[in-house]
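In: A predicted structure for the sequence below; I have some questions about it.
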Amino acid sequence: MTAPSGFRVEKVVTSGTFELDGGSWAVDNNIWIVGDDSEVVIVDAAHDAAPIIDAVGGRKVVAVVCTHGHNDHVTVAPQLAERLDAPILLHPADDVLWEQTHPGLAHRDLADGDRISVAGTEIEVLHTPGHSPGSNCLYLPEAGQLFSGDTLFSGGPGATGRSYSDFPTIIGSIRERLFALSPETVVNTGHGDGTSIGDESPHLEEWIARGS
């Protein structure tokens, strides 16, 4: 299968801080605009709404989908939702993190297996806990694209050294959900450079040894 004509993936990078457990770290985040000339889905909502809104460029926004609830992935979700008239989608297992950044503000719930239609194709929600309880990856079978949030990076799994994270859980998510996908699947990450399933899957046992 191939993506519909006109389908594309655009990247916006914003800078700010990741804050958890009393610490603060400077980070650059990838925000992904997924769709065509008419409609898009925004994947993550980091730090600064203006460049994200500029990248959308007046297109219809089907949803603002947050791969997980850490503050650097949801910073401007409410602002984007208001300005672009779009729902915010987040897995409810990350409500404890969402409330730290946006107390009392509502979002719609994501669930494993949900499908989001955009630009003539579908995004499949894969619940991949470990980096956080409600972490999700977004898979587009027709386009051969995966949006991995902070679950999988070029060179290894996402961090699991802070509250609400767990190393064996993230390894299980990657092994069972992500490495079951085609090796040619392009992985668009939440930070840094992208990769592919085929580039990362041979290294699973190395990661386990390193993390144990």
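Out: Looks like it came in fine.

In: Can you report how many residues lie near E142?
Out: Number of residues near E142 (other CB atoms under 10 Å) recorded here: 13. The way it works is simple: take the backbone N, C-alpha and C, and place the C-beta from them, glycine included.

In: How about the contacts made by it?
Out: Taking CB atoms under 8 Å, 6 or more residues apart in numbering, we find E142 in contact with 1-4, 121-122.

In: 10 Å - rerun?
Out: If you count contacts by CB atoms under 10 Å, 6 or more residues apart in numbering, E142 has them with 1-4, 7, 120-122.

In: Below-threshold pLDDT in this protein: ranges please.
Out: When residues are selected by pLDDT under 70, those of the chain lie in 1, 212.

In: any idea which of the contacts of E142 is the one closest to L178?
Out: E122 (17.9 Å; CB to CB).

In: would you say the closest one is within a strand?
Out: Yes - remark: E122 belongs to a strand, assigned using DSSP: H, G, I helix; E, B strand; the rest coil.

In: Leaving out the residues flanking it, which one is nearest to it?
Out: R115 (4.8 Å; CB to CB, 6 or more residues apart in numbering).

In: Can you give me every residue that contacts that neighbour?
Out: Taking CB under 10 Å, 6+ apart, one finds 122-125 in contact with R115.

In: Same list, the residues you listed, but as a markdown table with neighbour count please.
Out: Output for the contacts of R115, formatted as a markdown table (neighbours: other CB atoms under 10 Å):
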| residue | neighbour count |
| --- | --- |
| E122 | 15 |
| I123 | 24 |
| E124 | 15 |
| V125 | 20 |
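
In: and those residues as a markdown table, adding distance to Y139?
Out: Formatted as a markdown table, the contacts of R115 follow (distance: CB to CB, whole Å):
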| residue | distance to Y139 |
| --- | --- |
| E122 | 9 |
| I123 | 7 |
| E124 | 5 |
| V125 | 8 |
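
In: Of those residues, just say which sits nearest to T151.
Out: Nearest to T151 among those, with distances taken as CB to CB, is V125, at 12.6 Å.

In: Give the helix, strand or coil label for the closest one.
Out: Three-state call for V125 (three-state DSSP): strand.

In: nearest spatial neighbour of it, skipping sequence neighbours?
Out: Nearest in space to V125, with sequence neighbours left out and distances taken as CB to CB, 6+ apart, is D114 at 4.2 Å.

In: residues contacting the one you found?
Out: So D114 contacts 65, 89, 91, 122-127, 136, 138 (CB under 10 Å, 6+ apart).

In: Quick one: these as a markdown table, columns for distance to R210 too.
Out: Listed next are the contacts of D114 as a markdown table, based on distance: CB to CB, whole Å:
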| residue | distance to R210 |
| --- | --- |
| V65 | 30 |
| L89 | 33 |
| H91 | 27 |
| E122 | 35 |
| I123 | 32 |
| E124 | 30 |
| V125 | 29 |
| L126 | 24 |
| H127 | 25 |
| N136 | 25 |
| L138 | 27 |
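
In: Can you tell me how far G192 is from D72?
Out: As defined by CB to CB, to the nearest Å, G192 lies at a distance of 13 Å from D72.
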